[in-house]
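Colleague: how does the following fold in three dimensions:
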Amino acid sequence: MSTLLPPAAARRTFLTLSFTRWFSVGLVVGIFVLWILERGLTISEAAFALSFTGIVVFLLELPTSGFADAFGRRPVYVASAVVGVLASLALLLAHSFVAFVVASVLMGIFRALDSGPLEAWFVDTVHATEPDADVDGALAAQGTVVGVAIAVGALISGGLIWWHPVTAQSALWLPVLGSVVLSMVHLVMVLALLKEPRGAEHLDASGLRRAVSSAKDAPAVVREGLGMVGSSGVLRGLLLAEVAWSIAMVVFEMFQPVRLAELLGSEEAAGAWMGPIAAGGWAVFAAGSALAGLTSKRLGVARTAMLGRVLNSLGALVMGLVAGPVALVVAYAFTYSMHGFLGPMHAALLHRVAEARNRATILSMNSMTAFAAFSIAAPLLGVLADGISTQAAMVLAGVISLLGLLAYLPARRAELTRSKEHVLGTAKP
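Modeller: As a prediction, this is how the structure comes out:
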């Protein structure tokens, strides 16, 4: 029988574990691709290996949805933390393409298991003693904590690379080792702090049935989602816009550190730069999100999303054209701010097309589309980078992602119709 935490203690645990979860990520977020390249893989091999994370998350997106309900929040979150340690350790020890694929698969399993249980645990724990308690403030605070954790981790990573105290190893080795250590710390913290809100932590028959049902229902949910895509031009457009967005993400998430290493002459030099760059990326991302809210009040949500798609794509294109490291960093900052600018607008348009009965399905379809598109585009662009140049791959991705502008046109037309209905007083409640 677990001790039920009071709401204040649950909030502290929730935010503490959110920090320890993402702190280790901050150490490697800017050097992940650089580490793989330094171990001898080509750009296309690195992209193909990394694509397995997205493939695994895509496959497990729906089947894992019932695990936390079936096994309890704590057991699933502990399992995710264990897999997180294994994934970070596999990354540290990998020296071949196959080894990096294994690390990527483990990371995908980690992300799939990690998605949701901690937040669900917090809400359940608070509502167990205060059924009507408002948890929005804590959930908002978590976003801030996650951003700070990644930013601090990235800054420390850059500092460790500049310092390079273990000269027998690559300068990138210490941050990767630090990520393993912090993953272990997170696991210990989870075991020590997380108390299951329900009366027992064992699997019951009904829970197992829900988990099995979730896995069996996955194909049906996909079919339902595809049916909605077939019947809704707006939803088709939004998913195509997500594809365009994911292609642009290959530029500023994967190719940016690669191009920086080319400009600076080594992965280690790029790694030292990437610490403050990654930290700054989160700041401009937040600024872009705030700017989107202000812009949408004047332009409308759909047109703001269209503007964000254009500017994000142009930023990615310019990142492929610039010839100096400082210019690349400036272009990256702009592109990443537009990444934040687009996010809330795209989400708002998805919620407009969704209803209560299919909202989860539509959001899952959008998430699965993003993972699938990135996992397909990254290896293809990696082949182009190896065959021609990194710049050519970045420019092509930027140009293709511009087509996402057209994908938002159905949403824009729907917005205009909705506006006219409100003016005429015929809009549905």
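Colleague: pLDDT below threshold where in this structure?
Modeller: 1-3, 62-71, 134-136, 140, 197-222, 225, 356-358, 360, 421-429 (pLDDT under 70).
Colleague: what about the longest helix in it?
Modeller: helix 267-299 (DSSP state H).
Colleague: next SSE after it?
Modeller: As assigned by DSSP states H and E, the chain's next helix or strand after helix 267-299 is helix 301-321.
Colleague: now do the next helix or strand after that following helix: which elements does it pack against?
Modeller: Remark: after helix 301-321, the chain's next helix or strand is helix 325-353, criterion DSSP H and E. Packing partners of helix 325-353 (3 or more CB pairs under 8 Å, 6 or more residues apart in numbering; DSSP states H and E): helix 233-249, helix 256-264, helix 267-299, helix 301-321, helix 359-387, helix 409-424. For glycine as for every other residue, the C-beta is placed from the backbone atoms N, C-alpha and C.
Colleague: out of those, flag the one nearest V330.
Modeller: Among the helices and strands packed on helix 325-353, the nearest to V330 by CB to CB is helix 301-321 (9.1 Å).
Colleague: returning to what we had before: show me what counts as buried in the longest helix of the chain.
Modeller: Using 16 or more other CB atoms under 10 Å as the test for burial, helix 267-299 gives 267-282, 284-285, 288-289, 291-292, 295-296.
Colleague: what does stretch 350-369 give?
Modeller: Buried residues in stretch 350-369 (16+ other CB under 10 Å): L350, V353, A354, N358, T361, I362, S364, M365, N366, S367, M368, T369.
Colleague: for it, measure first residue to last.
Modeller: 13 Å (CA to CA, to the nearest Å).
Colleague: with distance to A151 added, can I get the helices and strands packed on helix 325-353 in CSV?
Modeller: Compiled in CSV, those are given as follows (distance: least, CB to CB, whole Å):
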stretch, distance to A151
helix 233-249, 19
helix 256-264, 17
helix 267-299, 4
helix 301-321, 21
helix 359-387, 23
helix 409-424, 33
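Colleague: out of the ones you listed, nearest to F334?
Modeller: Nearest of the helices and strands packed on helix 325-353 to F334, taken as CB to CB: helix 301-321 at 4.8 Å.
Colleague: got the angle for the closest one vs helix 267-299?
Modeller: If you take axes from the mean of the first three to the mean of the last three CA atoms, to 10 degrees, helix 301-321 sits at 150 degrees to helix 267-299.
Colleague: which strands and helices sit next to helix 301-321?
Modeller: Helix 301-321 packs on helix 233-249, helix 256-264, helix 267-299, helix 325-353, helix 390-402, helix 404-407, helix 409-424, going by 3+ CB pairs under 8 Å, 6+ apart.
Colleague: re the thing from before, just how off-centre is the longest helix of the chain within its chain?
Modeller: 14 Å (CA atoms, centre = their mean, to the nearest Å).
Colleague: kindly report the same for stretch 375-392.
Modeller: That offset, for stretch 375-392, works out to 21 Å (CA atoms, centre = their mean).
Colleague: L264 - nearest residue in space that isn't next to it in sequence?
Modeller: Nearest residue to L264, sequence neighbours excluded (CB to CB, 6 or more residues apart in numbering): A270, at 5.3 Å.
Colleague: list the contacts for the one you found?
Modeller: I31, L34, P257, L260, A261, L264 (CB atoms under 8 Å, 6 or more residues apart in numbering).
Colleague: so this protein: which segments form each domain?
Modeller: Split into domains by automatic domain parsing, the chain comes to 1-215, 232-429.
Colleague: still on that earlier bit, for the helices and strands packed on helix 301-321, which one sits closest to S88?
Modeller: Closest among the helices and strands packed on helix 301-321, using CB to CB: helix 267-299, at 16.7 Å.
Colleague: tilt between that closest one and helix 256-264?
Modeller: Using the same axes, to 10 degrees, helix 267-299 lies at 130 degrees relative to helix 256-264.
Colleague: tilt between helix 267-299 and helix 325-353?
Modeller: Using the same axes, to 10 degrees: helix 267-299 against helix 325-353 is 40 degrees.
Colleague: so L314 versus H186, what's the distance?
Modeller: As judged by CB to CB, to the nearest Å, L314 and H186 stand 38 Å apart.
Colleague: again with L294
Modeller: In this view, L294 and H186 are 36 Å apart by CB to CB.
Colleague: tell me where the stretch 1-150 of the chain has helices.
Modeller: 7-28, 32-38, 43-60, 67-71, 73-93, 97-114, 117-129, 136-163 (DSSP state H, counting those that start in this stretch).
Colleague: so which of the domains of the chain is nearest R223?
Modeller: Nearest to R223, of the domains of the chain and by CB to CB, is domain 232-429 at 10.2 Å.
Colleague: can you give the distance from that closest one to the centre of its chain?
Modeller: 12 Å.
Colleague: burial count for the closest residue to F122 other than its chain neighbours?
Modeller: Excluding its sequence neighbours, the residue lying closest to F122 (CB to CB, 6+ apart) is F14, at 4.1 Å. The number of residues packed near F14 is 26, by other CB atoms under 10 Å.
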